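Peer 1: Please find the sequence and the predicted model below.
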Amino acid sequence: MAEISIERLQVEHVATLQQRYEQAVTQAGYDALLISSGAAPLRYGDDHSYVFQGYGPFVHWTGLPELEHSWLLIRPGHRPVLWVYTPEDFWHATPALPQAPWTDLLDVQGMRSRSVPDLSDCGRVAVLGDPACLVGVAADPNPAALLGGVEAARVHKTPYELHCLEVASARAARGHQAAAHTFLAGGSEFDISLAYQQATAQRAAEAPYHSIIGLNEHAGILHYQYYASERPPEGRSLLIDAGYRYRGYGSDITRTYAAPGQDLFQALIDGLEAIQRRVCAAVAPGVDFVALHDTTHRALATLLRALGLVTGLTEEAIVTRGITRVFFPHGLGHLLGVQVHDVAGKPRKAPDHAPFLRLTRPLETGMVVTIEPGVYFIPSLLEPLLAGALGKHINRPMLDELRPCGGIRIEDNLVVTAAGSDNLTRRYLS
């Protein structure tokens, strides 16, 4: 990774955000915008809270996802004001006021109480955040016109954001390498989770999302959420979808591994790997992401037919009759930033044939996207296919051999550049 001044990039980033947000505030007809950092609510009937993740626009500015009960005020023509909640508390560690070159662009103040900032001289004010945190704020809550402008400000990443996302990919790569080693050594899902955290030196609560670590059939559950502590009698496959958060920005990387002796499953991994690399190579400004998703389904049909898993149908029929959707039910990818599924990716509704697609706009320079095709053996999707008229076209002995392996997903993070794309993941992980 090239040597770079992260402090200088962050100063430029904050200056750029001030321009973008002030323009959004003015265009929406407001004099000021107040942004809440958010706060973790208490669990019902308990005195413990949920794990906290800061509100996107607040993190976009500050890179501080851990701050609760804090506020950011943006007024066109004025220095932004950042209020950080710094209570007197002997039960918990108190956040310190951030001190870095970027804070010289703001007026940074500490607050001992969870009070709402005084907005009496700010004119017409909008406030963005979790409605539960906005009670008592004398401002228009979450107006749609302004929210749309603020979300649009996150689509094209600044050089600072791109640097953070690259660091997040590099550090996640260490965890993925450790996970693969632990899997091949016979580790359980829990063992693999610990190995990932140890290699990345990041607690699970600090990660951008709950890591998906599925062995065997669990690899076919798209958002599998548990870590079995017992090793399965036979380790056939591992699917790990895990990232790293750096200064608020998260990577989102998935790899799938076959155990020795799982030759058919390995052949399927190799085939999907080739497809994923070709799709990544097609990422460029002006490419319609829905069309790229459709191209991936056609390539998957070719793979299923070449392996002999689907027989007696043309590749076009395999797609149009919905067979590829049984094996690849989710979307090809999404925008990436301070939220793993970043905002403003769907200015138009996803098409009926791809209802779970999270990105429906043409690609533009400065976007960061994921490319994550998959092949899964999901009982609730396979059973209707096998029981219907198309069931005769499925090679059942081959399917029975593949089912215990669960499924495959391969996911990289790419920057859309003027020349095409820059794969942040492959630079550090094969």
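Peer 2: In hand now; what should we look at?
Peer 1: ok, which stretches of the chain are helices?
Peer 2: Along the chain, counting by DSSP state H, helices occupy 6-27, 56-62, 144-152, 159-184, 189-200, 263-282, 289-307, 315-320, 323-327, 379-387, 396-402.
Peer 1: Now the second one: buried residues?
Peer 2: By neighbour count, with 16 or more other C-beta atoms under 10 Å as the criterion, the buried positions of helix 56-62 are G56, P57, F58, V59, H60, W61, T62. C-beta here means a position set from N, CA and C on the backbone, and glycine is covered the same way.
Peer 1: Need the per-residue pLDDT for M1.
Peer 2: pLDDT recorded at M1 is 57.
Peer 1: typo on my end, it should be I4
Peer 2: 71.
Peer 1: tell me the contacts of T296?
Peer 2: I275, V279, F328, L332, P373 (C-beta atoms under 8 Å, 6 or more residues apart in numbering).
Peer 1: Turn these into a markdown table, including pLDDT.
Peer 2: Below are those laid out as a markdown table (pLDDT from 0 to 100):
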| residue | pLDDT |
| --- | --- |
| I275 | 98 |
| V279 | 98 |
| F328 | 98 |
| L332 | 98 |
| P373 | 98 |
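Peer 1: coming back round to it: among the buried residues of helix 56-62, which one sits closest to A195?
Peer 2: Ranked by distance to A195 (C-beta to C-beta), the buried residues of helix 56-62 are led by V59 at 28.0 Å.
Peer 1: Go ahead and confirm the closest one touches V343.
Peer 2: No. Counting by C-beta atoms under 8 Å, V59 sits too far from V343 to count as a contact (11.9 Å).
Peer 1: Phi and psi next, for the residue most central in space within the chain.
Peer 2: Nearest to the mean C-alpha position of the chain, by C-alpha atoms, centre = their mean, lies V340 at 2.1 Å. With angles defined as degrees, to the nearest 10, V340 sits at phi -60, psi -50.
Peer 1: Model confidence score at it, please.
Peer 2: 97.
Peer 1: Can you pull out the low-pLDDT segments for this protein?
Peer 2: 1-3 (pLDDT under 70).
Peer 1: Got the domain ranges for it?
Peer 2: For the chain, automatic domain parsing gives the domain ranges 6-152, 159-423.
Peer 1: just these: most buried one?
Peer 2: domain 159-423 (a mean of 19; mean count of other C-beta atoms under 10 Å).
Peer 1: May I have the distance across it, first residue to last?
Peer 2: End-to-end distance for domain 159-423: 15 Å, by C-alpha to C-alpha, to the nearest Å.
Peer 1: Then stretch 119-130?
Peer 2: Span of stretch 119-130 from end to end, C-alpha to C-alpha: 19 Å.
Peer 1: Run the chain-centre distance for that stretch.
Peer 2: Stretch 119-130 sits 30 Å away from the centroid of its parent chain (C-alpha atoms, centre = their mean, to the nearest Å).
Peer 1: Name the residues that touch that stretch?
Peer 2: Contacts of stretch 119-130 (C-beta under 8 Å, 6+ apart): 25, 28-39, 55, 57-58, 73, 75, 134, 137-143, 146-147, 150.
Peer 1: same question, stretch 197-208
Peer 2: 51, 168, 171-172, 174-175, 177-179, 193, 210-211, 242-245, 250-252, 340.
Peer 1: swap in stretch 279-293?
Peer 2: 295-296, 299, 331-333, 350-351, 354, 357, 359-365, 369, 371, 373, 412, 414, 416-421, 423, 426.
Peer 1: Could I get the CA-only coordinates of it as PDB?
Peer 2: Presented in PDB, the C-alpha positions along stretch 279-293 are these (Å, rounded to 0.1, in the frame of the first residue of the first chain):
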ATOM      1  CA  VAL A 279     -17.600  -9.900 -14.100                       C
ATOM      2  CA  CYS A 280     -15.100  -7.900 -12.000                       C
ATOM      3  CA  ALA A 281     -13.200  -7.100 -15.200                       C
ATOM      4  CA  ALA A 282     -16.400  -5.800 -16.800                       C
ATOM      5  CA  VAL A 283     -16.900  -3.200 -14.000                       C
ATOM      6  CA  ALA A 284     -16.500   0.300 -15.500                       C
ATOM      7  CA  PRO A 285     -18.200   3.700 -15.700                       C
ATOM      8  CA  GLY A 286     -21.500   3.600 -17.600                       C
ATOM      9  CA  VAL A 287     -22.100  -0.200 -17.000                       C
ATOM     10  CA  ASP A 288     -25.700  -0.800 -16.000                       C
ATOM     11  CA  PHE A 289     -25.500  -2.900 -12.800                       C
ATOM     12  CA  VAL A 290     -28.800  -4.700 -13.500                       C
ATOM     13  CA  ALA A 291     -27.400  -5.700 -16.900                       C
ATOM     14  CA  LEU A 292     -24.300  -7.000 -15.200                       C
ATOM     15  CA  HIS A 293     -26.400  -9.000 -12.800                       C
END
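Peer 1: rewinding a little: in CSV: the helices of the chain, plus distance to S115.
Peer 2: Shown next, in CSV, are the helices of the chain (distance: least, C-beta to C-beta, whole Å):
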stretch, distance to S115
helix 6-27, 23
helix 56-62, 17
helix 144-152, 24
helix 159-184, 31
helix 189-200, 37
helix 263-282, 49
helix 289-307, 44
helix 315-320, 58
helix 323-327, 52
helix 379-387, 50
helix 396-402, 59
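Peer 1: what's the closest of those helices to S113?
Peer 2: helix 56-62 (18.8 Å).
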